[in-house]
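> sequence and predicted model, in that order:
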Amino acid sequence: MHPPVTRHRPPGGARRPFRLLIVEDEKRLALSLAKGLMAEGYAVDVVHDGREGLRRATEDGYDLIVLDIMLPGMNGYRVCGALRAAGHDVPVLMLTAKDGEYDEAEGLDTGADDYLTKPFSYVVLVARVKALLRRHGRSALPVLRVGALTVDQGAQRVERDGAEVALTAKEFAVLEQLALRAGEVVSKAEILEHVWDFAYEGDVNIIEVYVSALRRKLGAGHIVTVRGAGYRLVAGE
């Protein structure tokens, strides 16, 4: 009997979501990753064992695998190597602890497509996931439109009335979270959870700095403050 797989599915919609598999034995981190990626519109399965991860990866049609190196049962190198030996070309983003005994070259030699060292920024993780999906020709992420604003998630590009607006990675990530729930109130805590580092313990009011920057660049009428609740992205004037 196989161990259970934790499944996370985004809200319903006509577009088929990308299917991601997270193989990570740190359960708190794995579930945080799954929750954040689900908020980005992905469908996510989570397993905590290397052998089970290999079985799931070979039997199910995933668009991308987030694979830790230090795993019980079978380490990430062996999982990735076995996938490639069996002819599976699914993109693999490999995770490992900082200053560990395993190195990036060895990970890439086994067939991994990219490599991320813990602790990592959630913004960087999402950017790597999107880049790998683009590189491997997976279906394009949807372009979000809110009034005069166009938010291209795949290209990480924003336009206002057809003109590109230059944003930093953090500014784009904050705007993306608001655009994914356009018209709804998004709290500072929700933005912080999906945009900042997992280990971030600073002031939640850092969000105000980025919202102010976005208002300067996009126009004040697009992001509305709902006092005591959060922010709402609207079409503007």
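Good, I have the coordinates. Numbering: from 1, shown residues only.
> so which helix or strand of this protein has the lowest pLDDT on average?
strand 6-8 (a mean of 54; mean pLDDT, DSSP states H and E).
> counting by contacts, list what the next helix or strand after that one packs against.
Sequence-wise, the next helix or strand downstream of strand 6-8 (DSSP states H and E) is strand 19-23. Packed against strand 19-23, as judged by 3 or more CB pairs under 8 Å, 6 or more residues apart in numbering; DSSP states H and E, are the following elements: helix 27-39, strand 43-47, helix 50-59, strand 64-68. All C-beta spots, glycine's among them, are computed from the backbone N, C-alpha and C.
> ranking these by burial, who's on top?
Counting by mean count of other CB atoms under 10 Å, strand 64-68 has the highest mean neighbour count of the helices and strands packed on strand 19-23, with a mean of 26.
> in the chain, which residue is most central in space?
residue 126 (3.3 Å; CA atoms, centre = their mean).
> ok, and what's touching stretch 121-139?
16, 18, 20, 33, 36-37, 40, 42, 63-64, 66, 89, 91, 93, 113-114, 116, 140-141, 153-154, 156, 169-170, 173, 194-198 (CB atoms under 8 Å, 6 or more residues apart in numbering).
> ok, which stretches of the chain are helices?
Under the criterion DSSP state H, the chain contains helices at 27-39, 50-59, 76-85, 104-109, 122-135, 169-180, 188-195, 206-218.
> which stretch in these has the least confidence?
Ranked by mean pLDDT, the helices of the chain end with helix 104-109 at the bottom, a mean of 58.
> what's the burial count for the nearest residue to residue 116 once chain neighbours are set aside?
Nearest residue to residue 116, sequence neighbours excluded (CB to CB, 6 or more residues apart in numbering): residue 95, at 5.4 Å. Residues lying near residue 95 (other CB atoms under 10 Å) number 24.
> and if you look at residue 161?
Neighbour number of residue 161 under other CB under 10 Å is 10.
> let me know the pLDDT of it.
For residue 161, the pLDDT comes out at 92.
> I figured it hits residue 148, correct?
Yes - Residue 161 lies in contact with residue 148 (CB atoms under 8 Å); the separation is 4.8 Å.
> do you know the pLDDT at residue 222?
Note on residue 222: pLDDT of 94.
> surely it touches residue 215?
Yes - at 7.4 Å, residue 222 counts as touching residue 215 under the criterion of CB under 8 Å.
> between those two, which is the more surrounded one?
It is residue 222, of residue 222 and residue 215, that has more neighbours when counted by other CB under 10 Å, with 24 against 14.
> and that one, how far from residue 148?
Using CB to CB, to the nearest Å, residue 222 is found at 8 Å from residue 148.
> now for those two: what residues contact both?
235-236.
> avg pLDDT for stretch 61-74?
Averaging pLDDT along stretch 61-74 gives 92.
> kindly export that stretch (C-alpha atoms) in CSV.
As requested, the backbone C-alpha atoms of stretch 61-74 are provided in CSV (Å, rounded to 0.1, in the frame of the first residue of the first chain):
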residue,chain,number,x,y,z
GLY,A,61,1.9,13.4,-15.8
TYR,A,62,3.5,16.3,-14.0
ASP,A,63,4.7,19.5,-15.6
LEU,A,64,7.5,20.1,-13.1
ILE,A,65,9.1,18.5,-10.1
VAL,A,66,10.5,20.3,-7.1
LEU,A,67,13.0,17.8,-5.6
ASP,A,68,14.9,18.0,-2.4
ILE,A,69,18.3,16.2,-2.3
MET,A,70,18.3,14.9,1.3
LEU,A,71,15.3,12.5,1.3
PRO,A,72,14.5,9.3,3.2
GLY,A,73,14.3,6.1,1.1
MET,A,74,16.2,7.5,-1.9
